[in-house]
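1. structure for this input, please:
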Amino acid sequence: MCVRPRLLRTALRGLRFVCVPCAGLWFSLAISALPRAHAQTADSAPEPFTFGAGDCPEPSVVEREVLRLIPPERHDLLRHGVRIELEDLGESYRVLVSKDGASLKKRYADPARDCDARARFAAVFAVLTVMPPELGAEVQSVQVPESKPLVPPKAVIAPPPPPPRALPLPPLAHVELGALFGYAPAIVGAPELSAFGGELRVAFGRGALESTLSVAYTSRAKFELRGVSGDLWQLPLSAGLRVTSEFGGLRMAGDLGLLAVVQRVRASDLASSRAASALELGARGALSFQAELGSHIAPFFGAFVWLAPAPRDLSAEPLGVFGNLPYLWIGGSVGVSFGL
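-> Below is the predicted model:
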């Protein structure tokens, strides 16, 4: 009974000396096999072959889609000069696939910027480009999505601006109707006279220089000179030029022209009363101001001068010459101008 335990202890001690070296040998083999396994794993994983700037689509997502579409046993095809380049263009994107020095490029429209759909489109295009025809049957069946043709945006042509509105032209002619009062001082043998009347004047032109024509009529003016009483009627006619300008919100006009006055004079207190007619030539000057109420009507007021350098003599029988008609008339007028 004492022999069995001793034999058992001896057997166990011998087994311990045998198993310890075996365990150490197995551990050493396992440690030495790790670098080889890591190297094999690194050799089996392909280098990155998808590149691009931007994140729609992301190069890593496109690469995963390409690896998913190609069977694992064909992944080594991607090591032989395959390169995929992506370019995000905003509402579209471009895919460039290069293999063995040849390249193929395609552009897709995607205004919605669906990045996942872009990645799938790019992966399908890359797989169909790099896979040789004889291996096409082994590629997983995929349905190539229909790409939308890139439609250039329609040019929006703005309508031409309306032509500038032409300013209305001022009237070509102005017709002036006015009442006048004239006074002739008693100078150099002329009697003192005063008369009322009316005048019609037409001015032609649109600029600062206009031409004028006028006709006036004065009522009978009574006078007394050297004991002789008489009456005088006049019909003044004039033609000249007018210069216009703006003055304090008023339209100022200066007239200068020739004057022709048809005169009829008669002595009223002589035994023999006979009327005589005469034509006096001279010059007319005037200055007037118009307040325009619109483009076609403007009240006006002004002053004028009539000058006759060689008036006719006044004579009567049996007195003979007892004076002459006035050298100078001064007066004013007021009226309304109408634009035509």
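2. where are the low-confidence patches of this structure?
-> The chain contains residues with pLDDT under 70 at 1-47, 79-80, 132-156, 166-167, 270-274.
3. can you give me the helices for it?
-> 3-44, 59-69, 115-130 (DSSP state H).
4. tally of neighbours for K106?
-> 15 (other C-beta atoms under 10 Å). No exception for glycine: its C-beta is placed from N, CA and C like everyone else's.
5. pretty sure it contacts F125?
-> Yes: taking contacts as C-beta atoms under 8 Å, K106 lies within contact range of F125: 5.8 Å.
6. shared neighbours of these two, anything?
-> Here K106 and F125 have V95 as joint contacts, going by C-beta atoms under 8 Å, 6 or more residues apart in numbering.
7. quick check: P111 touching E91?
-> Yes: with contact defined as C-beta under 8 Å, P111 counts as touching E91 (4.4 Å).
8. anything in contact with each of the two?
-> By C-beta under 8 Å, 6+ apart, no residue touches both P111 and E91.
9. neighbouring strands - and their directions - for the longest strand anywhere in the chain?
-> Ranked by residue count and defined by DSSP state E, the top strand of the chain is strand 228-247. Taking DSSP bridges as the criterion, strand 228-247 pairs within the sheet with strand 209-225 (antiparallel), strand 250-267 (antiparallel).
10. partners of L258 in the sheet?
-> A239, A283.
11. OK, contacts around it?
-> Counting by C-beta under 8 Å, 6+ apart, L258 touches 238-240, 281-284.
12. stretch 164-183: how far from the chain's middle?
-> Here stretch 164-183 is found 36 Å from its chain centre; the criterion is C-alpha atoms, centre = their mean, to the nearest Å.
13. next, the buried residues of it.
-> 171, 174, 176, 178, 180, 182 (16 or more other C-beta atoms under 10 Å).
14. quick one: end-to-end distance for it.
-> 52 Å (C-alpha to C-alpha, to the nearest Å).
15. buried sites along stretch 187-202?
-> Neighbour-count burial for stretch 187-202 [16+ other C-beta under 10 Å]: 189-191, 193-195, 197, 199, 201.
16. only alpha carbons, please: show that stretch as PDB.
-> Taking Å, rounded to 0.1, in the frame of the first residue of the first chain, the C-alpha atoms of stretch 187-202 are listed here in PDB:
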ATOM      1  CA  ILE A 187     -41.800 167.400 -75.600                       C
ATOM      2  CA  VAL A 188     -40.300 169.300 -78.600                       C
ATOM      3  CA  GLY A 189     -43.500 170.700 -80.000                       C
ATOM      4  CA  ALA A 190     -45.600 167.600 -79.400                       C
ATOM      5  CA  PRO A 191     -48.800 167.700 -77.400                       C
ATOM      6  CA  GLU A 192     -49.400 165.600 -74.300                       C
ATOM      7  CA  LEU A 193     -51.500 162.600 -75.000                       C
ATOM      8  CA  SER A 194     -52.800 159.500 -73.300                       C
ATOM      9  CA  ALA A 195     -54.800 156.500 -74.700                       C
ATOM     10  CA  PHE A 196     -56.100 153.100 -73.900                       C
ATOM     11  CA  GLY A 197     -56.100 150.200 -76.300                       C
ATOM     12  CA  GLY A 198     -55.600 146.500 -77.000                       C
ATOM     13  CA  GLU A 199     -52.800 144.500 -78.600                       C
ATOM     14  CA  LEU A 200     -52.400 141.100 -80.300                       C
ATOM     15  CA  ARG A 201     -48.900 139.700 -80.500                       C
ATOM     16  CA  VAL A 202     -47.600 136.300 -81.800                       C
END
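17. so what touches that stretch?
-> So stretch 187-202 is contacted by 173-186, 212-221, 223-225, 230, 232, 234, 311, 314, 323-328, 333, 335 (C-beta under 8 Å, 6+ apart).
18. among the residues you listed, which ones are buried?
-> Counted by 16+ other C-beta under 10 Å, the contacts of stretch 187-202 give 174, 176, 178, 180, 182, 184, 212, 214, 216-218, 221, 223, 225, 230, 232, 234, 311, 314, 323-328, 333, 335 as buried.
19. out of the buried residues of stretch 164-183, which two sit at the greatest distance?
-> P171 and G182 (28.6 Å; C-beta to C-beta).
20. ok, which stretches of the stretch 51-200 of the chain are strands?
-> Per DSSP state E, counting those that start in this stretch, the stretch 51-200 of the chain carries strands over the ranges 82-88, 92-99, 102-109, 173-184, 193-204.
21. so which of those strands is nearest L67?
-> The nearest among the strands of the stretch 51-200 of the chain, by C-beta to C-beta, is strand 82-88 at 11.6 Å.
22. could you list the buried residues of that closest one?
-> Per 16+ other C-beta under 10 Å, strand 82-88 contains these buried residues: 82-86, 88.
23. from those, pick the one nearest S268.
-> D88 (113.0 Å).
24. was I right to think that closest one contacts G54?
-> Yes: counting by C-beta under 8 Å, G54 is a contact partner of D88 at 3.2 Å.
25. domain map for this structure?
-> 50-134, 173-316+323-339 (automatic domain parsing).
26. reformat the ones you listed as TSV; add distance to R165.
-> Putting the domains of the chain into TSV (distance: least, C-beta to C-beta, whole Å) gives the following:
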stretch	distance to R165
domain 50-134	42
domain 173-316+323-339	15
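27. lovely, talk soon.
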